[in-house]
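Enquirer: how would this look folded up:
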Amino acid sequence: MPRCFWCTDDPLYQAYHDSEWGTPQREPGALFEMLLLEGFQAGLSWITVLKKRERYREVLFGFDPQRLAQMTDAEIEERMLDPGIIRNRLKLNAARRNARAWLALDEPAQWLWSFVGGVPKINHFSQRNEVPAVTDEATAMSKALKKAGFTFVGPTICYAFMQATGMVMDHTTDCDRYAALRR
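Expert: Have a look, this model is predicted:
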């Protein structure tokens with residue numbers, strides 16, 4: 001099956017590409033999880049985070065923002081010893097802080113989707129060099145998230161989040177998923 005240029009032969013990566021990436025996601029819990037995972041990815045490859053995703057779900061309370069917002073410093077220290085996740089204190093503290101910021105939002109899913117006008121933006125890129133790393137919408141989302149108290153939400157992270165959750169559809173035109181998702 002033809003896939004986007006970034007998808008390697010790794011079966012986990014292919015499954016993510018084929019069933020999740022670029023598919024519009026409006027469920028608040030799934031959006032929150034992806035926002036945190038994109039923050040954990042900062043400076044690393046996405047496959048690194050993808051391989052650790054299940055362990056993150058275990059140690060971060062299933063990405064339940066209520067429970068994550070109450071995570072203690074001792075629990076963060078405990079996670080710093082877990083080789084199944086990316087052991088970065090700043091990112092773990094950001095997960096707690098971001099959970100608190102998430103809970104302070106009214107209708108967070110609807111708010112996030114507002115940065116693309118509430119409907120997926122369908123792009124028609126045929127080559128990898130056409131796909132941007134940042135857009136005006138991602139920059140606006142980043143600024144708004146930071147203003148709301150979030151961290152690890154720069155414009156590049158926000159654009160990757162928008163791509164992953166289908167707010168923008170950046171499967172290239174030669175990818176099998178492009179035809180399925182452009183409708």
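Enquirer: immediately after the helix ranked longest in the chain, which helix or strand?
Expert: Secondary structure of the chain read by DSSP state H shows that its longest helix is helix 89-104. The helix or strand immediately downstream of helix 89-104 is helix 108-113, counting by DSSP states H and E.
Enquirer: picking that back up, list the buried residues in the longest helix of the chain.
Expert: If you call a residue buried by 16 or more other CB atoms under 10 Å, then helix 89-104 has these buried ones: 91, 92, 94, 95, 96, 97, 98, 99, 101, 102. All C-beta spots, glycine's among them, are computed from the backbone N, C-alpha and C.
Enquirer: check stretch 139-148 too.
Expert: So for stretch 139-148, counting by 16+ other CB under 10 Å, buried means 139, 141, 142, 144, 145.
Enquirer: and what of stretch 171-180?
Expert: 171, 172, 175, 177, 178.
Enquirer: helix or strand for the fourth one, which one?
Expert: Pointing back at residue 177 there. Assessed by DSSP H and E, residue 177 sits inside helix 176-181.
Enquirer: please tell me how far that helix is from the chain's geometric centre.
Expert: Between the centre of helix 176-181 and the centre of its chain there are 20 Å (CA atoms, centre = their mean, to the nearest Å).
Enquirer: got a list of contacts for it?
Expert: 1-4, 17-18, 21-23, 120, 122, 166, 169, 171-172 (CB atoms under 8 Å, 6 or more residues apart in numbering).
Enquirer: now, those residues that are in strands?
Expert: 122, 169 (DSSP state E).
Enquirer: which strand or helix spans the residue of the chain positioned farthest from its centre?
Expert: Going by CA atoms, centre = their mean, the residue of the chain most distant from its centre is residue 74, 26.1 Å out. Remark: residue 74 resides in helix 73-79, with elements defined by DSSP H and E.
Enquirer: next, the buried residues of the helix or strand where residue 15 lies.
Expert: Here residue 15 is covered by helix 11-19, with elements defined by DSSP H and E. If you call a residue buried by 16+ other CB under 10 Å, then helix 11-19 has these buried ones: 13, 16, 17, 18.
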